[in-house]
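Novice: Fold the following for me, if possible:
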Amino acid sequence: MTRNTIRRNTEGDLRAPKSSERAIGSMWCEVKMSRILWKGLLVSPAVLAASLVVSSRALAAEQPVEIAATEQAHQLQLAGAATEVEKSEIAAVTAETASVASNLTVDTIEKESANLYEAFANDPIAPVAEQAKALEVAAADLSETKPAVAPANLSVEQPVAEQIPAVAPAKLSETQPAVAPANLSAEKSVAQPEPISQSTNPSAQPQAQSNVLEQINQYSAEDSSSEDAAGQVTSVSQLSDVRPTDWAFQALQSLVERYGCIAGYPDGTFRGNRAMTRYEFAAGLNACLDKVSELIQGGSRNLATREDLASVQRLQEEFAAELATLRGRVDALEARASELEANQFSTTTKLNGEVVFALTGIARGDDAEGREADQTTAFGSRVRINFDTSFSGEDLLRTRLQVLNLGSFSTNNTKTAEGELRFNAGPFGEASNTVGLDALLYQFPLGKSTTVILEANAGAADDFTNTVNPYFDGDGGYGALSNFGTRNPIYHLTGGSGIALRHQFGEKLELSLGYLAGNAASPTRGNGLFNGSYGGLAQLTFKPNDNMALGLTYVNSYNFVTGTGSNASNFPVRLGSFGFDSDSTLPVSSNSYGAQASWQLNRGFAIGGWAGYTNQRILSNLATPTGSVQRGDQKIWNWAVTLAFPDLLKEGNVAGILVGMEPRVTNSTNRTLPEDKDTSLHLEGFYQFKLSDNISITPGLIWLTAPDHNKDNSDLVIGVIRTTFTF
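Specialist: The predicted model follows:
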C-alpha cells in the first residue's frame, strides 16, 4: 500500500483495497489496539485517544506474531457481526471520522500509516482460504454461546482496518474529551459502545453514554465473576492450614468438594481453630443453603447416590435394635416430662425432706443423782419436711414441718443435759407424734453483700451465722450425734423469732448480727419481742482460704440457758434438782464469748474446736420452803477439740472424734449458787457411712467420764445407730 493510498483512506472515505493481506493485517492491528485501548476506556476518553497513537507506534516496533485461532475469533466478532442495515451508516461514520482527522497533520498520518503498513507487510499471513474457514468455525461457536452486538455503523463488506481511524485529537485536555472509537473491544463479547463525537449534540449524548456505561458495568461484572470463579475452592487441599489429621477434615472435605459452599479466606486458609462471628456464620450458612437449593431445583444427583442410600439402609438394619431402644427411651422421657408438667408441685416451691431413724440406748453408767441409769433401748424417729420457695431466684421462704417421737435421756434416764442427743425431744423435753411448725423464715438479699433473714418461728443461730464446725454441725441429721458435739453451746443462748443479717466484707470477712426472742408471739406481760426472753448475737468470721475459718462470737441473752452441760450450768431452770421446791424459774441474763476455729489440713483430715465462756447472772432472790437463792454470778466454761476424717474408706463417708468439756460452773459469787467441783469429759466418736446419695448410716458412741461433772458417778456410755434418709 502506498503513502497516497493511506492518505486517501484516512482523509477521504477510509476505503482500502480489499486484499486479503490488508484485511488480515487490519484485523490483527485492531486486536492489538483493542486490548490496549479497552482498559483505557475505563479511565477516560482522553486517555483512549492518546493511547491510540501510542499503541500504533508500539505495534510498528513489535516483532511479527503468528495469528492464533483465538485472535481470529475476535476478528470475526468485529468483522462478521455487522449487518446489511449498517451499510447506510458508513457515510456518517466516515464524515465524523474525517472531521476528527482534520485536527491532525498530514505528515503525522502518513508517518503512522506507513509504520503500520510496514508492520503488517512483515507479518507471516496464512492463506486466506484457511483463515476464512477458521473464522467461520469461530463464528459458529460464538453464535452458540453469546452473540455479540456490533455497532450500527459497521459494515460486513468494509474491512476492519478501515473502521479504525488512526488519529488523535489535536489537543488533549481535561475539559475536552477525546473521540472514542466505535470498536474498542476485540476481547469482549457484549454489545459494542456507540461512537461518541466531539461535535455531537449534547441532547443526543445520554443514550450513547448509557450504552457505554452499561457495557462497562457488564464487562466489569464478567471480570469479577471470573476472579471469583478462579478463587473458589474446589478441593480441601487448596486450604493451606487444613490437614487430613484434623478431626473435622472429612466434614470439611464434604462441604468443599461435594457441595462447594466453603471458600475459605482470600489468603487460601480456612482458620478452623478461630472463633467466628455471627456474620461469618450467617454468610457460610447462606452459601450452603443456596448451593443445596440450587442442587435440589436443578435435580442434581449429587445429593444422595444409590450407594449412599444403600449405606444408610444397611446402617438402619444393623442398628435397628439400638434405634428402637432409643425411640423407646425418648418416648418414656416425653411421657415422664408430660407427667411432671401436669403434676408439678409448684413453679416456685421445692419440696425436700429428711427422716432420721435412730436406735439408741444406755449401755452402762450412773445418772446425775448417783443411781444407775436405766439401760433401756429405744427406737424413734424425727421427720422434717421443708418447703423452700423462691420468688426472685435470690430469696428464700422456708417452711418446715416437724414431728418426732424419740424421748430425751435427760428427762427419763440421765437426769442431766450432758450427753443429750441432737435429734430427740431435746433437753428435758417430751416427745410426741404431733406435727408442728418447726421453722419459718424468709431471707432476701439487700444489695450485693448483705442478706436479711426474718425468723418467724423456731429460729436458731445457724440460720444466719457460720458455726465454724464443719463435718460435725449437721443439726442432728448428719455429723455429731450429741447436742454438745454439734456446735459451741453459747450458740444455744439465742433462738425464736426475730431478725438477722449477714454482711460480706470481701471474700474473707463476714459479719453476722441477729436478735431472736423466745416468746415473741405472746402479747402477755413479761413476753413479746422485747419484754421476754431474747438472745442477741454478733460474730466476725474470718476465712483466709477455703480450708480455714475462724469465728469470734459474742452473745447477750436473757432467760436463756445452753441446754448442755451440768445441772448447775442450767440452774435457773433446774431448781428441783438442787432441792428447791418451786415451779418458778429465776430471771437470768448472761454475756457469752466464744472462739471457734477449723482447719482442713488435707483432703482426708481436718482439725477444729472451740472455747466458750459465759458469765451468767441471777437477777433476783428466791425464797422457798426448802431454801433460798440469792442474786449472784456464775462463771461457766466449755471447750472441745474435733478431728474429722472426710472420705474415709469411701467418698462421702465421714469419721469424727470429739473430746471436750460440756459447760461447767467453775465459780459462783455466793454459796446459794451451785458449782461443779469435778470435771467430766465428753468423748464422742462416729462413722457416717454413705450407702447412696440419699441414705446414710451412722453408728457412734458417747462417753461421759463423770456424769454431771461429778466423779462419784460412774462413767456413762450411750450407743446410737442413726439412719438418715433425704429426699
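
Novice: So what's the residue count around A324?
Specialist: 10 (other C-beta atoms under 10 Å). (C-beta placed from N, C-alpha, C; glycine too.)

Novice: mind starting the numbering at 359 from now?
Specialist: Yep, numbering from 359; the last one is A682 now.

Novice: How about residues contacting whichever strand or helix holds it?
Specialist: Assigned by DSSP states H and E, A682 belongs to helix 678-701. For helix 678-701, contacts defined as C-beta atoms under 8 Å, 6 or more residues apart in numbering pick out Q674.

Novice: What average pLDDT does that helix get?
Specialist: In this model, helix 678-701 has an average pLDDT of 81.

Novice: same deal with stretch 924-942?
Specialist: Rounded mean pLDDT across stretch 924-942 is 87.

Novice: Touching it from outside, list them.
Specialist: Taking C-beta under 8 Å, 6+ apart as the rule, stretch 924-942 contacts 726-727, 773-776, 785-786, 917, 919-921, 943-946, 972, 974, 976, 980, 982-985, 987, 992, 994, 1020-1023, 1031-1034, 1038, 1066-1067.

Novice: Report the beta-bridge partners for the residue nearest to I1076 when sequence neighbours are not counted.
Specialist: Distance criterion C-beta to C-beta, 6 or more residues apart in numbering; nearest residue to I1076, sequence neighbours excluded, is I1060 at 4.3 Å. Beta-bridge partners of I1060, counted by DSSP bridges, are E1042, I1076.

Novice: My understanding was that I1060 contacts V1075; is that so?
Specialist: Yes. Contact criterion C-beta atoms under 8 Å: I1060 and V1075 qualify, at 7.3 Å.

Novice: Which one's more surrounded, those two?
Specialist: Between I1060 and V1075, I1060 has the larger neighbour count (other C-beta under 10 Å), namely 28 against 18.

Novice: Contact partners for the more buried one?
Specialist: Taking C-beta under 8 Å, 6+ apart as the test, what I1060 contacts is G777, L839, S840, H1040, L1041, E1042, V1075, I1076, V1078.

Novice: what does A716 give?
Specialist: F737, G738, S739, R740, L764, L779, F781, N782, V1078, I1079, R1080, T1081.

Novice: one more time with 7 Å
Specialist: G738, L764, F781, V1078, R1080 (C-beta atoms under 7 Å, 6 or more residues apart in numbering).

Novice: dump the residue contacts of the closest residue to the third one other than its chain neighbours.
Specialist: In space, and not counting its chain neighbours, F781 is closest to G834: 3.5 Å by C-beta to C-beta, 6+ apart. Remark: with contacts taken as C-beta under 7 Å, 6+ apart, G834 is in contact with V714, R740, R780, F781.

Novice: separation between the last one and R1080?
Specialist: Right, F781. 7 Å (C-beta to C-beta, to the nearest Å).

Novice: of those two, who's got more company?
Specialist: The neighbour count for F781 versus R1080, taken as other C-beta under 10 Å, is higher for F781 (27 against 24).

Novice: Is it correct that that one falls within a strand?
Specialist: No. Assignment of F781 by DSSP: H, G, I helix; E, B strand; the rest coil gives coil, placing it outside any strand.

Novice: So for it, what's the pLDDT?
Specialist: pLDDT at F781 comes out at 94.

Novice: any idea how far it lies from S651?
Specialist: The value you get for F781 to S651, if C-beta to C-beta is used, is 70 Å.

Novice: need the strands for the stretch 759-908 of the chain, in chain order.
Specialist: In the stretch 759-908 of the chain, the strands defined using DSSP state E, counting those that start in this stretch lie at 790-803, 808-817, 831-832, 836-837, 854-863, 867-875, 892-903, 906-916.

Novice: By neighbour count, which of the contacts of G834 wins?
Specialist: Most surrounded of the contacts of G834: other C-beta under 10 Å gives F781, at 27 neighbours.

Novice: is it true that it touches E712?
Specialist: No. In this structure F781 lies outside contact range of E712 using C-beta atoms under 7 Å: 9.7 Å.

Novice: shared neighbours, the two?
Specialist: By C-beta under 7 Å, 6+ apart, F781 and E712 have these common neighbours: G835.

Novice: Nearest to V600 among the contacts of A716?
Specialist: Set against V600, the nearest of those by C-beta to C-beta is R1080 (62.7 Å).

Novice: which residues touch the closest one?
Specialist: By C-beta under 7 Å, 6+ apart, R1080 lies in contact with V714, A716, L839, T1056.

Novice: I'd like the distance between K1048 and K708.
Specialist: Counting by C-beta to C-beta, the gap from K1048 to K708 is 22 Å.

Novice: go on, G1058?
Specialist: Relative to K708, and taking C-beta to C-beta, G1058 is found at 31 Å.

Novice: Same question for R729.
Specialist: 49 Å.

Novice: before we move on, the earlier item: widest-spaced pair of the contacts of R1080?
Specialist: Between any two of the contacts of R1080 (C-beta to C-beta), the greatest distance is 10.7 Å, for V714 and L839.

Novice: so what's the closest residue to R1022 other than its chain neighbours scoring on pLDDT?
Specialist: Of all residues not flanking R1022 in the chain, D1034 sits nearest, at 4.6 Å (C-beta to C-beta, 6+ apart). In this model, D1034 is scored at 95, pLDDT.

Novice: now A459
Specialist: 39.

Novice: quick one: least confident helix or strand in the chain?
Specialist: Taking mean pLDDT, DSSP states H and E as the measure, the chain has helix 518-521 as its least confident helix or strand, at a mean of 38.

Novice: okay, and for the chain, where does confidence drop off?
Specialist: For the chain, the stretches with pLDDT under 70 are 359-591, 656-663, 666-667, 670.

Novice: can you do 50?
Specialist: Within the chain, the segments meeting pLDDT under 50 span 359-381, 384, 387, 389, 392, 394-468, 470-568, 570-571, 573-589.

Novice: Show me which positions of stretch 772-791 end up buried.
Specialist: Across stretch 772-791, burial judged by 16 or more other C-beta atoms under 10 Å covers 772-786, 789.

Novice: Ok, stretch 727-743 next?
Specialist: A731, A736, G738, S739, R740, V741, R742, I743.

Novice: now the end-to-end length of it.
Specialist: 38 Å (C-alpha to C-alpha, to the nearest Å).

Novice: Please work out which residues outside it touch it.
Specialist: Residues contacting stretch 727-743 (C-beta under 7 Å, 6+ apart): 711-725, 758-765, 771-773, 781-782, 789, 796, 834, 1070-1071, 1074.

Novice: and if you look at stretch 797-814?
Specialist: Under C-beta under 7 Å, 6+ apart, the answer for stretch 797-814 is 752-758, 815-817, 821-822, 855-862, 874.

Novice: In CSV, list the C-alpha atoms belonging to it.
Specialist: Provided in CSV are the C-alpha atoms of stretch 797-814 (Å, rounded to 0.1, in the frame of the first residue of the first chain):
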residue,chain,number,x,y,z
ALA,A,797,-39.2,-23.3,111.4
LEU,A,798,-40.5,-20.4,109.3
LEU,A,799,-38.1,-17.9,107.9
TYR,A,800,-37.6,-15.6,104.9
GLN,A,801,-34.3,-14.4,103.6
PHE,A,802,-33.5,-12.0,100.8
PRO,A,803,-30.5,-10.0,99.6
LEU,A,804,-30.1,-6.4,100.4
GLY,A,805,-27.5,-5.2,97.9
LYS,A,806,-24.7,-7.4,96.7
SER,A,807,-23.1,-8.1,100.1
THR,A,808,-25.9,-8.2,102.6
THR,A,809,-28.6,-10.8,103.3
VAL,A,810,-31.5,-10.2,105.6
ILE,A,811,-33.2,-13.1,107.5
LEU,A,812,-36.6,-12.8,109.1
GLU,A,813,-37.2,-15.6,111.6
ALA,A,814,-40.9,-16.1,112.3
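
Novice: Thanks again, I'm all set now.
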